[in-house]
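*Asks:* when you get a sec, could you give me coordinates for this:
(3 chains)
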Amino acid sequence: MSQPDFSHDGIRTARGTAFRYLFMLCALLSILTTVAIILTLLVDAVDFFAQVSLVDFLTGTRWSPTNEPIAFGVLPLISGTLVITIGSAMVALPIGLLTAIYLSEYASDRRRAYLKPALEVLAGVPTVVYGYFALVYVTPAIDAILPVDLSTFNALSASIMVGIMIIPMVSSISEDAMSAVPDSLRQASYGLGATKFTVSTSVVVPAALSGIFSSFILALSRAIGETMIVAIAAGQTPRMIDLTDPAGMFLDSIQPMTSAMVQIGTGDIVGQGPAYKSLFAVGLTLFVITFVMNLISELVASRYREVYR
Amino acid sequence: MAADTGETPADGFGRVSRTKDVVFRLLALAATLIGIVSLAALLLNVAVDAVGWLDWQFLTNPPHPNPYEAGFLPALVGSIAIMLMIALVTFPLGVGAAVYLEEYANDGYLTRFIQLNIANLAGVPSVVYGLLGLGLFVGLFNIGYGNVLAAAFTIALLILPIVIISAQEAIRAVPDSQRQASYGMGATKWQTIRNVVLPRAMPGIMTGTILALGRAIGETAPLIMIAAPTTVFGLPNSFFSKVSAMPLQIYNWASYPQTEFQYGVVAAGVVTLLVVLLTINSIAIVIRNRYQQRT
Amino acid sequence: MTNEQMTSSETEPTDDQTAPTPGTDGLADTADSGGETTFDRTLLEARDLSVYYGEERALADVDIEIPEKQVTAVIGPSGCGKSTFLRCINRMNDLVDSARVEGELCFDGKNVYDDDVDPVALRRKIGMVFQSPNPFPKSIRDNVAYGLKVQGKQENVDEKVHTALERAALLDEVEDQLDSSGLDLSGGQQQRLCIARAIAPDPDVILMDEPASALDPVATSKIEDLIEDLAEEYTVVIVTHNMQQAARISDKTAVFLTGGELVEFDDTDKIFENPEHDRVEDYITGKFG
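*Replies:* Numbers count the residues shown, from 1 in each chain, chains lettered A, B, ... in the order given. Next up is the predicted model:
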């Protein structure tokens, strides 16, 4: 009795294998990208640190890459970034959290259906546009309304714009976490006679805490990396900030890391000098900070995904 | 009267005070709306300012130091040229990676590592991608400073994670019963992907890719890093032409001190950029609505 | 003796000579010498077939011989492994990462789990119809032609599409709308479209995984009529949770009970009138399951 032939077809198998590896290559490209980012930053940063000591870079309190006396202390830039981060956090975290609560607990399906895309628009506006808004509309408006002495370039308007931009990041991830809270928990609380306010604040938010935390970190990481808003509206004055003096922090010009990178990038500095190479040292610092924050956010988020699965 | 329990026993069960609840509800609604309303007000402002400036001459002239003669054409064409190149690069790579991760890869360490890596890449600041482009395309591959290719490759790497993630979602949304039906007919994996999975996922993939291109067209910082000129007077005529882009030109003009620039020319540029962006996103939404699949 | 048993099984339902472990050793001999008989030739034969999903055993040492060009029904309570068994035949379990198969499953004497067997080539001999209708979002014509296309059978496509639709008793209803979407059809029509799609490349075996469970009674009865007709040309293996359905349409019935164990396999009439095992009787009469 002749057996049926189910043997492998050489061409078919070869083609299948070829496609498999082709697609795999595409996926591996993402790992290559990460490796390339790290190598690009490292190679030139190493050059930079051959000329400027790592300790001076990390502990120096003066940043002046082109004007004498030259100094490459990154702390003024980090404190500039810190100001923007604190300012935008004060805008985006409470607003984003309340938005998430509203969308998850209060809004009807219909209302949610048009509020969510409208919120996403906030994250879709090009940041150069936000920067322009901060400079030509927000700063003059605040100057006119509040009895404060606001510089043309200041951290306040920039922080507000960065904050508005990252609201949807906080609200959508937090809302996902809140929607994942099982209804049985809400029912249990309602069954005890709780109002919606009590249920939202004492049941839903605590249960979704890790998701909310993850959204906060991710949004702040985005604020730290935000470039054009601060480059246009926050100024180019690298200076150490005094956390006890909010007016000094926000009303005057500052310079975050990203803004300093743009300044070097648009300048005429080229070649092998430390001024140009400092671009990569600052870039590496920025990359490490945001990378660690994104990683933490991802790990926290994967934990909450497991809790309610 | 913000107590959770009220006490008027005469009303049978009494009433629980809702004051706190109502106040909180309104506060949450206000929070939801404040960002949207602020943006709407700003957009209204810029639209009003652009009136009188955004005209045919603005759209067809090259930039000029005189605000009344300044135009946006090289930046507009530059942006579109860069965007088309980005689409050509990211679409096949993004879909390929998504197909691998959804259809081929098993749930091993490598897959999870790639997945985590893609999520992380999506969070890397765009200015860092600019340094990558500077080191890799301008430096190592010697493509040249600030031309169409260098700009497109740099921003392509930036939006690739977004394209991959949205393509993965579209592929994941294809019901497994469709794959089973195909495999059951003796189709190979590649035949199943090509004839069943990709056609069905294509509207979703297109939507995601186009939305990512919308993100790409607004990117500024990476272009600055690869030393794209902020102002270009001629149109790009090859892959190696120096190129500017709309956001870059806006950034440049925003630093001009004259009011005619600040509240006129730049406003016109911003409105043009936003209109192009809106058009791109509308195309994506039209595709999504037209091809929304029945199950 | 074994040959007699096989041939008689069609006409004489009550044959008590089967060994206590039903449908196994006694019949296995038939397969070896079974090449001579044209009727009742064993086409599919499982030997010690076990399937594991991770640590969990879904199918336990199944021995069965499925005759050619008859309808074999596979029944049992949910979770008993009947679908798993069906998916072993065309190696659809290969698509489940955690699935592991032990033992043999022979198609016409060839173990389909041998290393040199390409599951893709195997599936081209075996059509499959699924629990809920799953036509592709393509035209009716392209749906039926799909198997021809992927198998590279590009000649006379229109003719084969017509024949398949006719055999699936769908041609009259869709003849003038072959270019409209398969999704525009009713549920029952969609399932017949899927049957047409399965038979268009002319396989030897058709596997059906509860093909009528998502359909209304009228559509179900059409499918049942169709299945009986199909057995004239194809070997049909059908999984169903509906015992009346199995009794109505099948020649042979295999009863799986908990733990993926094949408890009894015999002529359908025998199973429903005088089963060997008390557990099977309990299940059939509704005392269990």
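*Asks:* can you tell me the centre-most residue of chain A?
*Replies:* The centre of chain A sits closest to A:R222, judged by Cα atoms, centre = their mean, with a distance of 0.8 Å.
*Asks:* model confidence for that residue, exactly?
*Replies:* pLDDT for A:R222: 92.
*Asks:* now the strand or helix carrying it: buried residues?
*Replies:* With the criterion set as DSSP states H and E, the secondary-structure element containing A:R222 is helix A:209-225. Of the residues in helix A:209-225, those with enough neighbours to count as buried (16 or more other Cβ atoms under 10 Å in any protein chain shown) are A:210-225. From N, CA and C alone the C-beta is placed, and that goes for glycine too.
*Asks:* hang on, C:L49 is in a helix, isn't it?
*Replies:* No - C:L49 is assigned strand when assessed by DSSP: H, G, I helix; E, B strand; the rest coil, not a helix.
*Asks:* what's the neighbour count on residue 35?
*Replies:* No chain specified, so I'll use chain A. By the criterion of other Cβ atoms under 10 Å in any protein chain shown, A:V35 has 11 neighbours.
*Asks:* to clarify, I was referring to chain B.
*Replies:* Around B:G35 there are 26 other residues, counting by other Cβ under 10 Å.
*Asks:* and if you look at A:S259?
*Replies:* For A:S259, the neighbour count with other Cβ under 10 Å is 30.
*Asks:* same check on C:C88?
*Replies:* When neighbours are counted by other Cβ under 10 Å, C:C88 registers 27.
*Asks:* and the strand or helix carrying it, what does it pack against?
*Replies:* In the assignment (DSSP H and E), C:C88 maps to helix C:82-89. Secondary structure elements in contact with helix C:82-89, counted by 3 or more Cβ pairs under 8 Å, 6 or more residues apart in numbering or on different chains; DSSP states H and E, are strand C:42-53, strand C:56-67, strand C:71-75, strand C:99-107, strand C:205-209, strand C:235-239, strand C:252-257.
*Asks:* and the residue of the stretch 1-150 of chain A that's closest to chain B?
*Replies:* Of all residues in the stretch 1-150 of chain A, the one sitting closest to chain B is A:P126 (2.7 Å; Cβ to the nearest Cβ).
*Asks:* what's the closest non-adjacent residue to that residue?
*Replies:* The shortest distance from A:P126 to any residue that is not its chain neighbour, by Cβ to Cβ, 6 or more residues apart in numbering or on different chains, is 2.7 Å, and that residue is B:G218.
*Asks:* can you check B:G144 too?
*Replies:* Nearest non-adjacent residue to B:G144 (Cβ to Cβ, 6+ apart): B:F240, at 5.7 Å.
*Asks:* how about the residue in the stretch 1-150 of chain B positioned nearest to chain A, what does it touch?
*Replies:* Scanning the stretch 1-150 of chain B for the residue nearest chain A gives B:P125, at 2.7 Å (criterion: Cβ to the nearest Cβ). If you count contacts by Cβ atoms under 8 Å, 6 or more residues apart in numbering or on different chains, B:P125 has them with A:224-227, A:258, A:286-287, A:290, B:221.
*Asks:* among those residues, which pair sits farthest apart?
*Replies:* Distance extremes for the contacts of B:P125: the farthest pair is A:E226 and A:F287 at 14.3 Å, using Cβ to Cβ.
*Asks:* show me which of these two is the more surrounded one.
*Replies:* Regarding A:E226 and A:F287, a neighbour count based on other Cβ under 10 Å identifies A:E226 as having more, with 29 against 24.
*Asks:* how far away is the residue nearest to the centre of chain A from chain B?
*Replies:* The span separating A:R222 from chain B equals 7 Å under the rule Cβ to the nearest Cβ, to the nearest Å.
*Asks:* please look at that residue and B:V124 and confirm they touch.
*Replies:* No - under the contact definition of Cβ atoms under 8 Å, A:R222 does not touch B:V124, with a separation of 10.5 Å.
*Asks:* tell me, how many residues neighbour residue 253?
*Replies:* This is for chain A. Summarising burial for A:S253: neighbours were counted as other Cβ under 10 Å, giving 19.
*Asks:* I was after chain B.
*Replies:* B:W253 is flanked by 26 other residues according to other Cβ under 10 Å.
*Asks:* same question, B:T231
*Replies:* Applying other Cβ under 10 Å, we find 16 residues neighbouring B:T231.
*Asks:* before we move on, what about the one 5 residues further on?
*Replies:* Other residues within reach of B:P236, judged by other Cβ under 10 Å, total 20.
*Asks:* ok, B:I80 next?
*Replies:* Using other Cβ under 10 Å, B:I80 is surrounded by 15 other residues.
*Asks:* tell me who's in contact with it.
*Replies:* Taking Cβ under 8 Å, 6+ apart, we find B:I80 in contact with B:V276.
*Asks:* just checking, what packs against the strand or helix carrying C:E159?
*Replies:* Secondary-structure assignment from DSSP H and E places C:E159 in helix C:157-167. Contact here means 3+ Cβ pairs under 8 Å, 6+ apart; on that basis helix C:157-167 packs against helix C:140-150, helix C:171-174, helix C:187-199.
*Asks:* which other helices and strands does the first one contact?
*Replies:* Helix C:140-150 is packed against helix C:157-167, helix C:187-199, with contacts defined by 3+ Cβ pairs under 8 Å, 6+ apart.
*Asks:* export those to TSV and tack on distance to B:V275 and mean pLDDT?
*Replies:* Formatted as TSV, the helices and strands packed on helix C:140-150 follow (distance: least, Cβ to Cβ, whole Å; pLDDT from 0 to 100):
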stretch	distance to B:V275	mean pLDDT
helix C:157-167	49	91
helix C:187-199	45	92
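*Asks:* out of these, deepest packed?
*Replies:* helix C:187-199 (a mean of 25; mean count of other Cβ atoms under 10 Å in any protein chain shown).
*Asks:* just give me how far that helix sits from the chain centre.
*Replies:* Between the centre of helix C:187-199 and the centre of its chain there are 15 Å (Cα atoms, centre = their mean, to the nearest Å).
*Asks:* before we move on, back to that, which among the helices and strands packed on helix C:82-89 is found nearest to chain B?
*Replies:* Distances from chain B to each of those were compared using Cβ to the nearest Cβ; the minimum, 8.0 Å, belongs to strand C:205-209.
*Asks:* the closest one to helix C:187-199, inter-axis angle?
*Replies:* Counting by axes from the mean of the first three to the mean of the last three Cα atoms, to 10 degrees, strand C:205-209 points 150 degrees away from the direction of helix C:187-199.
*Asks:* just the CA trace of strand C:205-209, in PDB.
*Replies:* Extracted as PDB, the C-alpha positions of strand C:205-209 are listed here (Å, rounded to 0.1, in the frame of the first residue of the first chain):
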ATOM      1  CA  VAL C 205     -11.300  14.000   4.800                       C
ATOM      2  CA  ILE C 206     -13.500  16.700   6.100                       C
ATOM      3  CA  LEU C 207     -13.300  17.600   9.800                       C
ATOM      4  CA  MET C 208     -16.200  19.400  11.400                       C
ATOM      5  CA  ASP C 209     -16.000  21.000  14.800                       C
END
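*Asks:* remind me which residues of chain A are low pLDDT?
*Replies:* Of all residues in chain A, those with pLDDT under 70 make up the ranges A:1-2, A:268-272, A:304-309.
*Asks:* residue boundaries of the strands in it?
*Replies:* A:63-64, A:71-72 (DSSP state E).
*Asks:* let me have these in JSON lines, adding mean neighbour count and distance to chain B as columns.
*Replies:* Listed next are those as JSON lines, based on neighbours: other Cβ atoms under 10 Å in any protein chain shown; distance: least, Cβ to the nearest Cβ, whole Å:
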{"stretch": "strand A:63-64", "mean neighbour count": "20", "distance to chain B": "17"}
{"stretch": "strand A:71-72", "mean neighbour count": "20", "distance to chain B": "17"}
